[in-house]
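J.: Model the following, please.
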Amino acid sequence: MKPLAECKLYTFVDTAYLHGRTPEIVAQQLCDGGSDLIQLRAKNSSPDEIRAMAAKILPITRRANVGLVINDHLDIAREIGAEFCHLGQEDFFDAGHQHVGQLKMKNEKLKIGLSTHAPAQAQRALDAGADYVAIGPVYATGTKPTARPVTLEYVRWAATHADVPWFAIGGINLQTIDEVLAAGAKRVCVVSAILNATDVAKACAEFRRRLGHSAA
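T.: Numbers count the residues shown, from 1 in each chain. Sure, this is the predicted structure:
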């Protein structure tokens with residue numbers, strides 16, 4: 001897969017948005033549309049179910065040279081050989097961890113990303129050695145309905161202060177992406193605007209096109 005710094009479009013196989021499709025079919029559509037990273041997010045699934053889904057998705061992402069991110073479950077990411085694991089504040093700092101190095105085995109290539117919702121959280125994640133950070137939710141989002149939007153001000157802060165790859169996330173769609181990019185984002189995470197589209201690959205490709213027109 002391409003280096004993390006060159007990844008721009010981060011998409012999701014989110015079981016809440018499958019609409020009767022299988023995870024592997026959606027993963028293939030996301031790869032076909034030009035995703036750089038794909039996260040498996042299955043909040044209501046058991047570890048065994050997540051492991052089974054991940055095992056089916058990984059060969060698809062590998063063939064496409066797309067990085068697979070496992071949400072929440074570091075042990076599953078490590079077991080199946082995923083390239084990334086994504087953890088929330090509660091999964092990392094609230095669990096007593098101070099640095100991602102504490103979670104990595106010797107010579108392990110697994111990279112860890114952290115969610116952040118404010119400049120102080122982002123700075124703490126940067127100091128903790130996160131390989132990438134998520135900045136959001138920029139707008140209100142059905143994916144996390146109780147989360148308060150952080151607005152474009154946080155995006156502008158990240159553009160000035162973050163020294164690792166970071167992805168704007170939350171309510172980003174084809175109507176809002178241009179102002180997110182104008183605020184300084186170079187990378188975005190997109191969930192519902194792609195997964196709810198009639199043609200997932202086509203929607204993905206349009207986001208890819210918009211990102212391609214942004215400053216490198």
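J.: quick one: low-confidence parts of this protein?
T.: The model of the chain has pLDDT under 70 over residues 107, 142-143, 145-147, 213-216.
J.: mind listing the strands in it by residue range?
T.: Taking DSSP state E as the test, the strands found in the chain are 9-14, 37-41, 67-71, 84-87, 111-116, 132-135, 166-168, 188-190.
J.: could those go into CSV alongside mean neighbour count?
T.: (Glycine included, C-beta is placed from N, CA and C.) Converted to CSV, the strands of the chain look like this (neighbours: other C-beta atoms under 10 Å):
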stretch, mean neighbour count
strand 9-14, 26
strand 37-41, 25
strand 67-71, 25
strand 84-87, 24
strand 111-116, 24
strand 132-135, 26
strand 166-168, 27
strand 188-190, 26
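J.: can you list contacts of stretch 198-208?
T.: When contacts are defined by C-beta atoms under 8 Å, 6 or more residues apart in numbering, stretch 198-208 is touched by residues 8-9, 11, 26, 29-30, 32-35, 174, 177, 188, 190, 193-194, 197.
J.: chain center to it, what's the gap?
T.: 17 Å (C-alpha atoms, centre = their mean, to the nearest Å).
J.: Same check on stretch 170-186?
T.: Chain-centre distance of stretch 170-186: 15 Å, with C-alpha atoms, centre = their mean.
J.: what do you get for stretch 180-198?
T.: Chain-centre distance of stretch 180-198: 11 Å, with C-alpha atoms, centre = their mean.
J.: first vs last residue of that stretch, how far apart are they?
T.: 24 Å (C-alpha to C-alpha, to the nearest Å).
J.: tell me which residues in the longest helix anywhere in the chain are buried?
T.: If you go by DSSP state H, the chain has its longest helix at helix 47-63. Going by neighbour count (16 or more other C-beta atoms under 10 Å), the buried part of helix 47-63 is 50-51, 53-54, 57-58, 60-61.
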